[in-house]
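[1] predicted model and sequence below, questions to follow.
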Amino acid sequence: MSTAKFKGKWIPWLFLLPTLVILLVFLYYPVIQTFRLSFYRVAFLGLRTKFAGLDNYINLAQDSGYHHTVWVTIVIAAAVVVVGLAASLAIAMLANQKIRGASVYRILLIWPFALSPPVAGIVFLFMFSPGFGVVNYLTELVIGTELNWLGNPRLAITLIIMASVWKNLGYNIVFYLAALQNVNTEVLEAASIDGANNWQRFRKVTFALLSPMTFFLLITNITYSFFDIFGMVDILTKGGPLDATNVMIYNLYRDAFEYYKTGLASAQSVILFLLVVILTMIQFRTSGRQVHYGG
Amino acid sequence: MNATRKYLFVVLLIALFALVVAACAQPAAAPAGGEKVVEVTKVVEVTKIVEVKKEVEASSEEVIPEGSVVIDFWHAFGGGRKLLIERMVADYNYTHPGTYVRVENKGSYRDTLNAAILAAQQGNPPHIVQIFEIGSQLALDSGIFAPFEDSAGDFQPDDLIEGVANYYKFDGKFYSMPWNSSNPILYYNKDIFKAAGLDPEKPPETFEEMLDVCETITSSGAAKNCISWPLHGWFFEQWMANMGAELANNENGRAARATEVYLTGDAAKEIVTWWKEMYDKGYYAYSGKLEDWDGADAIFVSGQAAMEITSTSDVVNRQNDAAANGFELGTGYLPYPASSERMGVIVGGASMWLADGNPPEEMQAAADFITWFTNTENAIRWHKATGYFPIRKSSVAVLEGENWFEQNPAYRAAFDQLLNTKPVRATQGAVIGAFPEVRTIIEQAVEKVLAGQASVDDALAEAKAQADKAIEEYNKSVE
Amino acid sequence: MSLSISRNTRKQLLTHIALIFVVLVVLAPVLFALAKSTQTRAEVYHFPPMLGPGSAGLLNYKIVWHQFDLGLYMKNTLIVAGIVMFFKTIFSMTAGLGLVYFDFPFKEFIFYFILFTLMMPTEIMIVALFNLVSDLGWGDSYAALSVPFLASATGVFLFRQHFSSIPADLADAARVDGAGPMRFLWSILVPMSWNTIAALALIQFIYMWNQYIWPLVIIRENDRQLIQVGLRALTNQQDTTNWGYVMAAAILAMIPPMLIFILLHEQFTKGFALGKEK
């Protein structure tokens, strides 16, 4: 950095102090504690603790229920990413057309940015509930049968995915729209002169130019499916039916705060943490430009 | 950023902070209490009045009179019941200067128990916690609570009706004060019965009759489904009791700590097999979610099912729903398999626990409040407004003096079912430390059977293994 | 020529139709919630479902606001979000200033120290954070809800990136004028950073408004509870749920973040350097 510097030995530390203190106390310290706790067994309502070595990890490694939880998390994350990004890109391209009222359309498409997972969960729960929901009424009319959205494991996963995709639309579209506006129209025109058809033009030019953004959204959407999805699962399915939607963060919460297995929950935290580290590493490796979002 | 935008942004920020400041500085209005509630005997209106009337009282801030002993009271109720409780508490605060009860609802029963335990871990449990019946042993073992009987003055335990006293007395002692008590009954839509050509005054009584009636209802097209109830372990427990089968060993955990559950017995198998048959034939419908009372209510109230099995505590809610949705409501007993004698039902619901470790004057004030809250008069008020049992004999006497049960037959069915229950270990209810977990295990077993992922025998055998392990772990942790 | 115009018009028309369709699909759940929020319990339970506005008018809104404490929850959330927005903006800005306009030992280490926290979302350390905040005796306070969120790598890097893109001669000029770093920050950097401030304010507001798992575990008393958990409480109780109330509450809970988003989304795009410049 060639920017001119101010002089001062203590002043920069003073400027950084609040941030550093908070990060140290409320992020680093708890993370270290989480590692420590994961080696303990906590008994009866969290009132007693005992060193347990690697027991918690061994239990998780042997627990088929936990394997299922990891698998569900991956399936949901993959679906949310693929469906969500494809839908968002398609909508963003549509909204990027030069057309009257484009800015109004854009607002009407990106507002889900401000939705919270619990709100999305509550609205979907209501729409898809068997008693008074409107969706089952419509399926009855159209395909002549009712679907047990909350009771059938596959449908319940589908429901969580749909609600997540809907909730994420705004966020993804905002970023795709911004990226699309950076796509140089001359390149596209050159491509069409070269005789490329629409699909080739999209695949070879637009999609290629958008790939850094796609990659960034990929990471943020995966993170979303790992953590923010908690609110949706908690309200929509409570992890059911038959643990079909019991994602890792929900399992962790239940073990920690409903069954008081704090040590076991901490071990799950460590596993999640390692997953996040791997994802972030991949992100830094492959994308030159850093875009951050989150806390 | 152009000038207009910048201006807008600044205005927005200022507005936001102004809002925050205004919100903080908002003068607190008087608490909701004070005025007397009119006791209405016309059943259908009770909760409605409670709900709509308070709309004008724009206050979420409360003023705690200086120098009063503050008592925190946590419960699990929402909706009209929450408002009723707040009203009763306001009455208490108004008539008992020097004590201020601060009442809060904490979500479901499970949420409330968790909240209390977490608060105790943080060293600050509330004075009074409502804990559901199956959490009793856990509450006892936790050491968080003091035996109610030791702090209470004259709470007249002999006045409690037998079923209720039987459930909550452990080793002859009341560790908590029984409060909301209910059991499951059958609600049915008489209009659908008529449309299906059935006698609207004769609801099915046995499992077998239920299958026949359902066949008639669904084949006549009078309703899409026949019956709904939540997929909740409570119903399984009640059916076990109704058949006279104990759920756990050591006399249902009442003689000594239970170490295993009887999930592979004939009674358990018969219940789940019937449940499965009802489901496979399209008679039984539920929302798909565990412990989802709302889902079952919705299916019944919207007329998609002719019957619902749910708690007696919903008598008022269902009567309001029937009136609002224009159908005639009937009630009947919880069905049972014809092969067994009807033994009756367990008292479900919750009791009030008194947290230990607070200063004596606070414990005293809290115990006094509990005693008041469950006295004869308040038991009547609570019963009328909800449908929960009047838990005191003296309350029942007053109600009978008013001809209350004659005028309100729906309450009668609920109450008779309790009075006709035979006092055996099975109907006294199981006591298991790990009961909350065991209940979940049972629910998941039923879920698996309904989804066709396991046979009845396999699912129950697996559930028994899991439940016994959970019980063993629990017992080990408290020894 | 006329042919190409009409083809163009047709294409425009098709685009309009497609966009309107997508807009409606995306809006449908909210429209449904809006309709239900004005219905009485009986209308909600009516079968077949009623999709138009009901006869309850604003009654459900009034009831949830006053009787089910939604007003209180929204106030709490506004306060917490306000505290976090205010302090985090200041802390991030000063940290950015320190990183860009000063040289000091261990600067690289500090940079990575901050960077690594990107990998530490609250959720993964929720148990330990719960223990820590409980041990601090902060249960049921605004501090428990806000202090852990007063600093973040996102904020620091946003300002660091923005400050680095400001021409160097400005700082030089300031130094020649004898202005200290604070003056420089206040009179030169802040006026040039409105987009970044707005972008950070927006994400912080929405982030705090949507807080769910943390208040769920740390807050015991309703006096301090936040809006999303308040919504949960409406559906999760030992009594029949009135879905008219729930939908009214959901709509109310959507309004503040929606307003802020609609007002600030352009600044957000610019502040995140998503605009033309590389």
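    Alright, I've got the coordinates.

[2] tell me where the model's unsure across chain B.
    Applying pLDDT under 70 to chain B flags the ranges B:1-61.

[3] show me the helices in the stretch 101-250 of chain A, by range?
    A:102-110, A:117-128, A:134-143, A:153-182, A:185-193, A:198-200, A:207-223, A:229-236, A:248-257 (DSSP state H, counting those that start in this stretch).

[4] pairing partners for residue A:43 in the sheet, please.
    Beta bridges link residue A:43 to residue A:48 when assigned by DSSP bridges.

[5] got a list of what residue B:222 touches?
    Going by Cβ atoms under 8 Å, 6 or more residues apart in numbering or on different chains, residue B:222 touches B:192, B:193, B:195, B:196, B:306. Every C-beta, even on glycine, is put in place using the N, C-alpha and C of the backbone.

[6] tell me which of the residues you listed is nearest to chain A?
    Nearest to chain A out of those is residue B:306 (Cβ to the nearest Cβ; 14.0 Å).

[7] sec struct for that closest one, please.
    strand (DSSP: H, G, I helix; E, B strand; the rest coil).

[8] can you tell me the closest non-neighbouring residue to it?
    Excluding its sequence neighbours, the residue lying closest to residue B:306 (Cβ to Cβ, 6 or more residues apart in numbering or on different chains) is residue B:192, at 4.1 Å.

[9] close to chain B: what parts of the stretch 51-200 of chain A are there?
    A:129, A:130, A:131, A:132, A:148, A:149, A:150, A:151, A:152, A:153, A:156 (Cβ under 8 Å from any Cβ of the partner chain).

[10] tell me the most packed of the contacts of residue B:222, by neighbour count.
    Using other Cβ atoms under 10 Å in any protein chain shown as the neighbour criterion, residue B:306 leads the contacts of residue B:222 with 30 neighbours.

[11] hang on, isn't that one packed against residue B:224?
    No: with contacts counted by Cβ atoms under 8 Å, residue B:306 stays clear of residue B:224, the gap being 9.5 Å.

[12] gap between the residue nearest to residue B:306 and residue A:30?
    Here residue B:192 is placed at a distance of 57 Å from residue A:30 (Cβ to Cβ, to the nearest Å).

[13] now do residue B:436
    28 Å.

[14] next one: residue A:151
    38 Å.

[15] swap in residue C:175?
    Distance from residue C:175 to residue A:30, by Cβ to Cβ: 40 Å.

[16] which one's more surrounded, the two?
    residue A:30 (25 against 17).

[17] helix/strand/coil for that one?
    Classified using three-state DSSP, residue A:30 is helix.

[18] right, and it touches residue C:128 too?
    Yes: contact status for residue A:30 versus residue C:128: in contact at 3.8 Å, counting by Cβ under 8 Å.

[19] count of neighbours near residue B:100?
    Residues lying near residue B:100 (other Cβ under 10 Å) number 22.

[20] I'd say it and residue B:66 touch.
    No: using Cβ under 8 Å, residue B:100 makes no contact with residue B:66, being 9.9 Å away.

[21] got any residues that touch both of those two?
    Common neighbours of residue B:100 and residue B:66 (Cβ under 8 Å, 6+ apart) do not exist.

[22] picking up where we left off before, of the contacts of residue B:222, which is the nearest to chain C?
    Nearest to chain C among the contacts of residue B:222, with distances taken as Cβ to the nearest Cβ, is residue B:192, at 12.4 Å.

[23] now the residue nearest to residue B:306: which helix or strand?
    Applying DSSP states H and E as the criterion places residue B:192 in helix B:190-195.

[24] and the next element down the chain from that helix?
    helix B:207-220.

[25] now do the buried residues in that following helix.
    B:207, B:210, B:211, B:213, B:214, B:217, B:218 (16 or more other Cβ atoms under 10 Å in any protein chain shown).

[26] so is it next to chain C?
    No: Helix B:207-220 does not reach chain C (Cβ under 8 Å from any Cβ); its nearest approach is 16.0 Å.

[27] please apply the same query to stretch A:207-221.
    No: judged by Cβ under 8 Å from any Cβ, stretch A:207-221 makes no contact with chain C; its nearest approach is 8.7 Å.

[28] okay, now whatever residue of the stretch 151-295 of chain A ends up closest to chain C: neighbour count?
    Closest contact between the stretch 151-295 of chain A and chain C, by Cβ to the nearest Cβ, is at residue A:178 (3.7 Å). Neighbourhood size, residue A:178 [other Cβ under 10 Å]: 19.

[29] from the chain's centroid, how far away is stretch B:213-231?
    Its chain's C-alpha centre and that of stretch B:213-231 lie 26 Å apart, by Cα atoms, centre = their mean, to the nearest Å.

[30] may I see the PyMOL selection of the buried members of the residues of the stretch 51-200 of chain A next to chain B?
    Burial among these is assessed by 16+ other Cβ under 10 Å; the matching PyMOL selection reads:
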select buried, chain A and resi 129+130+131+132+148+149+150+151+152+153+156
